[in-house]
Each structure stands twice: as structure tokens, then as C-alpha cells.
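Peer 1: got a predicted structure here, sequence first:
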Amino acid sequence: MKHMSSFNERVSHLRESSYLAEPSLSIERARIMTDFYRKNEKKHPVPVLRALSFRELCEKQSIYIGDRELIVGERGPRPKAVPTYPELTCHSVEDLHILNTRERQRYRVSEEDIRIYSNEIIPFWKGKTQRERIFSILPGDWKLMYESGLFTEFAEQRAPGHTALDGKIYKYGMNDFHRRIAGVLSGINSSNDPDKNRKREMLQAMDIACEALIIFAKRHAALAQKMAGECRERGDRSRAAELESIAATCRRVPANAPSGYREALQMYWFVHLGTIMELNGWDAMNPGHLDQHLEPFYRKEIESGTLSEDEAREWMACLFIKVNNHPAPPKVGVTARESGTYNDFTNINIGGVRPDGTDAVNPVSYIMLETLGELHLLQPGVSAHIASCTPDRFLLESCRVISKGYGYPSLFNPDVYIKELTRQGKTIRDAREGGCSGCIEVGAFGKEAYLLTGYLNVAKILEITLNNGTDPVTGKTVCLATGDPTQFDSFEDFYNAFIKQLNYVIDTKIRVNRQIERLTAQMTPAPFLSVLIDDCIEKGKDYYDGGPRYNTSYIQCTGLGTVTDCLSAIKKHIYEDRKWSMKELLHMLSKNFREYEPVRQYLLNKTSFFGNDDDYADSLAVRLYEDMFRAIDGKPNTRGGVFHMDLLSTTCHVYFGSVTGALPNGRMAGRPLSDGTSPSHGADRNGPTAVIRSLSRLDQERSGGTLLNQRFSPSMMRSVRDREKLGCLIRCYFESGGHHIQFNVVDTKTLRQAQKEPELYRDLMVRVAGYSDYFNHLDPALQEDIICRTMNEGF
Amino acid sequence: MSVQGCIFDIKRYAIHDGPGIRMSLFFKGCPLSCRWCHNPEGIDPRPQLIFNKSRCLGCNACEDQTLADNCPAGALEFCGKYMEAGQVMGIILREKLFFDRSGGGVTFTGGEPLSQPAFLLHLLKKCKENGIHTAVDTSLYASRKVVSRMIPYTGLFLADLKIMDPLQHKKFTGVDNDLIQDNLRTIACSGVPFFLRIPFIHGINDKGSCINEMVRFILELHESGNLSGVHVLPYHNFGTDKQKRIISGKVPAQQSFSAPTKESINSLLVKLQVLGIDTVIGG
């Protein structure tokens, strides 16, 4: 196989099986959970019930050990068989049919399974799912806004997640956590804590969860031992030895801390599986700074001769393939549109800094980069972290992988995100142990619940302000009447109305989010995840209930580029030059510029747009950024933390665009909004240095992450010298305060050809938002969106 | 005293026109009119109207007024704009961060930057004052005095080498090549590093005898010790399309050529490399 030059036959085989496996739905988890809930629902407090149901899964679920695997364990009965989580969202028969037949992000599900779902699963969960509970408390004003596409809600189909781990699971096993829990429990029992009972329940639940994962591993050990015996009988001694070694590993971890490199990888993998079996949290699970966690094991074993570099590479490839075996749990409706991909966003951080602030790049970092470039799989996402102390060699090696054109690694700037984290109140050490998970959001790994609450359609808020509180697409009044814009005397009047509306929408979202947060904490606690995140055990509190050391809620603002360009057009053409009146503008927008193409072209060509190092537009972007920040930052959530602003859009800018009418920047109705903090499509005409200068104007240290997409033609990074210059460009952005940048390296001709002949371009991968995806898995609107991103050509 | 010049394009993140990340400033006006010119809109020294038909909406906004500013789609545009040196320096300084980090700077190109000597000299001096590396991309068809005045302020020359035969040179570029060769020798002895750039065109300079003559001359220049390398630029025909869009001022005569064969490119490459001259295809 062409991508696998440096890997051995085992890895080629595993990679190929993973690549070719078709995503399907498994109803096994749903059946086990349904049976369990039927018998036990009212018998236990909720946290204990959740832990017992998790143990039931660990005891009963099918165990899979694949041919030639070294790292074992699947969330479902086989690779890419994705379970459902009916206690959160119970898919309807119609949902299942859609999932089985839709053209993109299809999940195979048999008629027989649909029948069982219809007869056993759906009737039991009717009225009991988290989704139904949430919808029952949603007030009318919120619903109107949601239906207009002003925002999305993350807790609606999946549990909040975005979690990443610190290094604790490489130092402590489940038995150690059990002892720690027992210690806290005995302290509580002898105290006068008024919250004693609740804490005791929670800690009992955590204890059951630790035990459950050990059971899960031991079942793998038993199966491996049995398979080893069968191999011996067949005379396959080498596989028998491998299986025996797997069995021995599964008996040691996760019960105990790992003792070597291989055990460390298997340890992580069991923990990863535990969290994604317990709940379907967004962004699966994330090992965080895996290169740092593995480094001591690697060095020790290389020195003692028990591990070779090739073996280290092989095992790393096995882990990556395991992550690739796990597509995202299927979403439906709006939620499928805000994040329409199989990718489940495990974003492994490599490079960056150590907790003491020094350079963290080590041999394992390079092994991971190489594995990423050679495997060429959809998952996991890997991000390279480039601090000022990061060596050029690591940056150049990252640029070399980027130039292959798979869209990864994405690049992050620890110097800035550490400041983001400390500004939010983390200690410097916790901040340095933190990083980016999911797309681009920052958090203190292993110590924080930083929950994304949904995307905010800022462009729609502008559109509704232009229509005095009414959504012109639906004709419904959905927001405040902030005044008839044709009566405003100045741009300031208009802008103030817009900001008033912005605050109103955000406040509504936050108000309802607090209620949803309570529901999540009460009804779907996550005892297993809580074991892994400090200080849930010490506080005797759940991950979703303020147990972690830090508790952030993020709102993801979408459309900074689009809205800036609209404000720039309104300010310049309506209020300064008075080329058209507001009334005329509104009329043309309502007609979607039909018969006004020259006006639309004028707006597109004669307006100062964000991303060109032009002070006129850039100062408006800064003003908007600051006002969004003020509207969100610091407002309390119910978990002892506060809301912060995040700027990413995943694929939501396409969905938001589809529900937003024509806009004053010349964008036609239904077209995508700008993504992340990138300039609008085609708006940046002065090349990447100008984009970087514009983006640097935003005080990114006060966000929880920004996202900058750049598209380069392959000719821009062909030679080592080109890539050195790219490295300098990245350094410059990061020195100017940039949080993140990523590159698509593919020319328009190739993308067009891939649309015409998808079969020939099955493995063409592109950068979408905080992740890469196969181009042909993307919805046509999103394909178009990527083609329309301004391409920087060679000169 | 303000110095003014005519610029027809500014490109940022130019990475193939000298060391590091560069800004390329395109000076309008060129004394040559090479038949294969890929920037034909840079030949006339004054601003010219360019009409890009594919963008035209047929809205007739241009009918009663000739101002290109009125064209909403930017189909009718002025190519070339008079700018104050101070204004140009303001734009250059915005990129300083990138220059400093990458060892880059400004590349003056065109057109022919030496055709606006006062403007160029002023900008070169200002760049030097600000610690910004400069490169001058030139045909070297200028008086020896002009070239000598630039030398102390120029960090790198990117000098064209087109045709060795004087008659052919005159025929296809409109000017003699003796002055150019003279200036090349001056540069070679000046101590300023330089690259030679050869537009390599089938039927113009890709014959064996032409190649040999060129290699001989390059070797002579190489002996100065200042030749940094040679860029062989195989012909492409972007220029002919652009020429058709020029609708005012001088429309240079253009001709379509074909790209040289791989064999002739290789032959040139090998001959230069054998002499120890760093040679690359493309810039």
C-alpha cells in the first residue's frame, strides 16, 4: 500500500481493515441498558444507578479481539460498530432509517435491529430520555430562537464532553483510585458535612465504575488467553505468544499503573473506552499530551533494550488505528448539521511545553508525527504545539506532514493558550498541563470540565437587528424590537441596537443553559469520568456538577468575518457615503439582490473586508470581538464556574448560513458564513501575511480559542525552503498572539475533479474546521465552502 | 521632498523572489518589450485601463463616466497607480515582522524598477535605514550610472539573461544587449550577490549553440565569486491572456511561444551544475 511504506505488514493490515470497515450501528448497548434500567431504575440513587449500568455494560458487552491486534478493546462488538445511548437520545425508527440510507455519514443498521428498537427500546424510553427532559423545560422564547437558527444546543443529543486527560493514569491504576475514594469516604463518614449523603452516593458510584473497568479488562484477558490456547493448538506459536502477552497486560492494567510503554498505551485505551461507553460525550476522549506521558516509559525501555524504536512506532500506529475504529455516535437533525462528520475529534496534543514551562518535544513526539503522516487516516486528529521554545526541527517536520495535504497536524500556540487559561483563573502549572481538545477549545487537562454549550449565529443576530426583532426568513418575531433601522441617524445607533440584540440572545441562551446544566448533573452523572478528573473524588462531586477543579461553559461565536464585513459595508456605504439609504439596502436584501447584481458586486468589491490588514474593517472586527466578549465572559454557570467566549464553527457556519438571508456584505441568502475567525470566503485578497496581521488585532488571549483556516496551493510548500518560510509565517502569527492556524494544501482543480469522480479520490482528505475529513464524505455545500476559501497561490 | 512612482501591484508573502518572506513591488514601465513578457501590463509607464470581460456584468455603469472606480464588479480597472514613497514605505513596514523572522524583505520588480530610478533609490535607502533586505529584479537595461547608484543600497540583484545573440535580442526584446551585458559585469564586480534568471523559451534560446554561449557568459560572471545561482524559468503563456485585457495606452506586441523540451532544460541544468553553479528550475 502506497501510504504504508515505513510500516510493517501488521500495521498495513490493521490500517486497511480499519479504513475499509463500514460504520454501522450496534444496538447491543441499548439492549443491555434497557434491560438494566427496566429492572433497576427506581432501586438506586441516580449516580449509583449510572455506575451500576456502566458495570453491567462492562460485564455483558461483546468482547472483540481482532486478528493481529496488539492493543485490544472496542466500544461495540466490532470496529466502527457504534452503540446508541437511548437514555440520552432514543433514535426513532425514522431516525434509524435515515441513518441507514442517507448519502453521507451513513451508519448501517439492519431491519431486524430496527424492529427490536421499535419493539423493545423505543417504548421503554419514551418520556424518559435526557433529550425529552430538556425539551420539556425549554421556554417559548428560547424555542423561537433555536428554530430560527440563532444558536444550537450541545446537550440535546450528546453528553457534554471535550475532555482531555493529564498524566495521572500513567501513575495510578483503578486500584489506587479505589483506595483514594475509600479514604475520602471514611473522612466524610466521620464528618458533619451536611451534604454527606450526596457525596457518599457519588463516591460509591465512582468506586463501582473503577471496578467495572477492571472487569472489562479481565474479560479481555480471559478471551485472549482462550484464543492463545486455540492458536497453540493450530500451531501458530507466535500469535499465541502475542495473545498471552495481551492477556497478561489486561490483567495488570487498568487495575494497576502501567509499567512500560506497551502497557501505558493499553491503559490509555481502556480508559478511553470506559469514558465513551459510559456516555457519548462530545469529542470522545483525548489523551492530551500523550508524547509527554509516554516519554518516561519510552526512554526507560529503549535504554533497557525491552523496546525498539520500530516497536514503539508499531504500537503507536496500533493506538491510532484503534481511535480510527470509533466514528462519532450518529447525530440527527440540526445537530448532525452543526457537526456532520464521522470524526469524533480526539485531538492528541504533541510538542508544546512541560508543566515547568520548558520545551516538551521528545522522541515520542516525532514518532507520533511520523505515524500521523504515514497512516493517513481520518482519526485521531493530531495537533502540533509550537511554543517560542519549540525547536525549528519539530516545526519543520510538522510543516512537512502538512504539505502532504491531509489537513493535519493543526498548529497551536501554547504561549497564548497558557495565558488564556491563566486569565480564566488556572494556576500556571495547571495551565501548562492544559492544551486544546476537540477543535480548538482550551482547557486544563485532567482538571476541568469545559463544556461547549452551542454555536451562536452572530450573523443572524445582525440580520434580525436589521429587521427590528423579526426573522425575515420565517417572518416570525423572535427577538427584541430594537428599533426600526431606517430611523437610525448614525452607524452608532445601528451598532448599539445590534449589540443590545446580541446581549439579549446570549442572555437567553445562558439562562436556559443553566437549567440544562442542572438536568445533566442530576440525571446523567458520569462517575467513571469523574474518577479521572481532579478534584471530583476529593469533593465527592460529579464531573458535570462542579466536581472538577475548574468548570467552564463556552459559547462558540460563529461568523466574525461575515459580520465584520457587513458592519463595514453598512458604515461606509449607508452612513458615510450615503450611496444607498437603509431602506434601499433592506429592500435589496429582501430580494436576495435579485435585479441588483451590480449593487452586490459593488458591495463585494468596494468594501473594506476583514483579513486584509486594513484598519477600517479590522477595527470593526476588534470592536465586535470585544462586545461579544463582554456579553459572554464571566457570567456564572451553575457549576461554580463562568461562561467564556470561544470562536469556532466546526461545520455550523454552513448550517447557520443556510438559515440566514442575504447580508449587506454581498453574501447571498443561504450561503455559508465565515468559519471560525477566518475571513469571509474570498474576502482576503492580500495573502496570508495580511490575514495574520488582521487576526493579530484580536486580543485572542481573552478567548477560549480561535480558529484560522488557510488554503495553500501545493506549489507554496513544495521545497524545504518553502516550508521553512511557512514555518516563519506560523512563528510570526504565534508571536503576534495567534491561538491556532491550519492549512489545506490542495488545488482547486483537484477538488473539482474529486467532485466529478469521487471513486478516484476516496482518500482525499481536507481540513474542515478543527478536524480533517474525507472530501467525499462532506455535504456538497461544505465541499463548495472549502473550494471557496481563498487560495494563496504561488507567484 | 516627496518622491512619487507608479506601482501596478503589491504582492505579500512572495516566497519565490529572493530569500525569506518577501513583498514584491511591481514598478510600472519597462524599456523592453519582450514578446513573451508575462507582465505586459507593466510595460507602459503610465496607468492603463484593463478590462476583464469575464467579470463584466453589462450594467453600463461605465458608459457616461470613464472612471474605473464606477465599475461595481471591478471588470474595468486601472492598472497602475501613482504612490508617494512615504505611502509605499508604510505598506512595506507592515510586513517587517515577517521580514525579520524569515530573513526576507522587499523585491522591486515590474516592469522595470530601474526605469523609475529616483523612486527606486529613495525606497532602497529607506529600506536600508529600516534594516529591510532589498532585491532588485531587473533587465539591467539602464544607464551604467543608474545601476551604480543603486548598488550601495541593494542587497541582491535578480538579473535577467535572455538572449546572447545581439540581433536576436534586439528583435525579440526591442533593445540591444550590449548595455545589459556591460551592467551584468558591473554587478558581478560590485560585491552585491546576484542571481541570473533565464526565461527559457523554445525557438528563442534553447538551441545547443545558444545554450553554450549563455553558459560561457555565465561562467565569466561566475568568476567574480558573487553569482549566487541561476534560475531557469521555462516559458508559460500567462502573458498573452493579460495583454488582451489592456484597453488603453501601449499594448505591446505579443507572440505565443512554446515551452522548451525537458531535454533542453536538462542540458542547460547539467552544464551549469557541472561548473559548480547552483541552478534550479523555476524561481
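Peer 2: The structure has been received and is ready for your questions.
Peer 1: what are the ranges of the helices in the stretch 1-150 of chain B?
Peer 2: B:85-94, B:96-102, B:117-129, B:144-150 (DSSP state H, counting those that start in this stretch).
Peer 1: and the ones you listed: which comes nearest residue A:380?
Peer 2: helix B:96-102 (31.0 Å; C-beta to C-beta). In this view, the C-beta of every residue, glycine as well, is placed from N, C-alpha and C.
Peer 1: can you list the buried residues in that closest one?
Peer 2: B:97-102 (16 or more other C-beta atoms under 10 Å in any protein chain shown).
Peer 1: tell me what that helix is packed against?
Peer 2: helix A:720-735 (3 or more C-beta pairs under 8 Å, 6 or more residues apart in numbering or on different chains; DSSP states H and E).
Peer 1: what lies in contact with the helix it packs on?
Peer 2: Applying C-beta atoms under 8 Å, 6 or more residues apart in numbering or on different chains, the external contacts of helix A:720-735 come out as A:386, A:388, A:392, A:395-396, A:399-400, A:402-403, A:411, A:413, A:415-416, A:688-689, A:692, A:695-696, A:708, A:712, A:716-717, A:741, A:743, B:13, B:15, B:20-21, B:97-98, B:101-102, B:104.
Peer 1: return the members of these classed as buried.
Peer 2: Judged by 16+ other C-beta under 10 Å, buried ones among the contacts of helix A:720-735: A:386, A:395, A:399-400, A:402-403, A:411, A:413, A:415-416, A:688-689, A:692, A:695-696, A:708, A:712, A:716-717, A:741, A:743, B:13, B:15, B:20-21, B:97-98, B:101-102, B:104.
Peer 1: return the subset of the residues you listed lying in helices.
Peer 2: Those of these mapping onto helices are A:395, A:399-400, A:402-403, A:415-416, A:688-689, A:692, A:695-696, B:97-98, B:101-102, per DSSP state H.
Peer 1: farthest-apart pair in those residues, please.
Peer 2: Of all the pairs that these form, the one spanning the most space (C-beta to C-beta) is A:400 and A:696, at 25.8 Å.
Peer 1: neighbours of residue A:609, just the number please.
Peer 2: Neighbour count for residue A:609, taken as other C-beta atoms under 10 Å in any protein chain shown: 29.
Peer 1: can you name the residue of the stretch 101-250 of chain A nearest chain B?
Peer 2: Closest to chain B within the stretch 101-250 of chain A is residue A:149: 30.1 Å, counting by C-beta to the nearest C-beta.
Peer 1: quick check: that residue touching residue A:660?
Peer 2: Yes. With contact defined as C-beta atoms under 8 Å, residue A:149 and residue A:660 form a contacting pair (7.0 Å).
Peer 1: confidence score at the residue nearest the centre of chain A?
Peer 2: In chain A, the residue lying closest to the centroid (C-alpha atoms, centre = their mean) is residue A:438, at 2.7 Å. In this model, residue A:438 is scored at 88, pLDDT.
Peer 1: how about the nearest residue to it, chain neighbours excluded?
Peer 2: Ranked by C-beta to C-beta, 6 or more residues apart in numbering or on different chains and with sequence neighbours excluded, the top spatial neighbour of residue A:438 is residue A:283, at 3.9 Å.
Peer 1: helix/strand/coil for that neighbour?
Peer 2: coil (DSSP: H, G, I helix; E, B strand; the rest coil).
Peer 1: what does chain B put close to chain A?
Peer 2: B:11-17, B:20-21, B:24, B:57, B:59, B:61, B:72-74, B:94-95, B:97-98, B:101-102, B:104 (C-beta under 8 Å from any C-beta of the partner chain).
Peer 1: strands - which of those residues land there?
Peer 2: Within those, residues falling in strands by DSSP state E are B:11-14, B:24.
Peer 1: a markdown table for those, including distance to residue A:534 and pLDDT?
Peer 2: Formatted as a markdown table, those follow (distance: C-beta to C-beta, whole Å; pLDDT from 0 to 100):
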| residue | distance to residue A:534 | pLDDT |
| --- | --- | --- |
| B:11 | 51 | 91 |
| B:12 | 46 | 93 |
| B:13 | 44 | 92 |
| B:14 | 50 | 91 |
| B:24 | 53 | 95 |
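Peer 1: just the element for residue A:143, please.
Peer 2: Element membership for residue A:143, per DSSP states H and E: helix A:140-148.
Peer 1: nope, residue A:495 is what I meant
Peer 2: Counting by DSSP H and E, residue A:495 is found in helix A:491-523.
Peer 1: out of the buried residues of helix B:96-102, which one sits closest to chain A?
Peer 2: Once C-beta to the nearest C-beta is applied, the member of the buried residues of helix B:96-102 that ends up nearest chain A is residue B:102, at 3.7 Å.
Peer 1: now do the contacts for that closest one.
Peer 2: Here residue B:102 is in contact with A:724-725, A:728-729, A:732, B:19-21 (C-beta under 8 Å, 6+ apart).
Peer 1: okay, now the closest residue to chain B within the stretch 551-700 of chain A: neighbour count?
Peer 2: At 3.6 Å from chain B, residue A:602 is the closest residue in the stretch 551-700 of chain A, using C-beta to the nearest C-beta. Each residue near residue A:602 was counted by other C-beta under 10 Å, and the total is 23.
Peer 1: pLDDT averaged over the longest helix seen in chain B - what is it?
Peer 2: In chain B, with assignment by DSSP H, the single longest helix is helix B:208-222. Mean pLDDT, helix B:208-222: 95.
Peer 1: next secondary structure after it?
Peer 2: Assigned by DSSP H and E, the successor of helix B:208-222 is strand B:227-234.
Peer 1: list the buried residues in that next one.
Peer 2: B:227-228, B:230-234.
Peer 1: would you turn those residues into a markdown table with pLDDT?
Peer 2: Listed next are those as a markdown table, based on pLDDT from 0 to 100:
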| residue | pLDDT |
| --- | --- |
| B:227 | 96 |
| B:228 | 96 |
| B:230 | 96 |
| B:231 | 94 |
| B:232 | 93 |
| B:233 | 91 |
| B:234 | 88 |
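Peer 1: now, which of those sits nearest residue A:529?
Peer 2: residue B:231 (58.3 Å).
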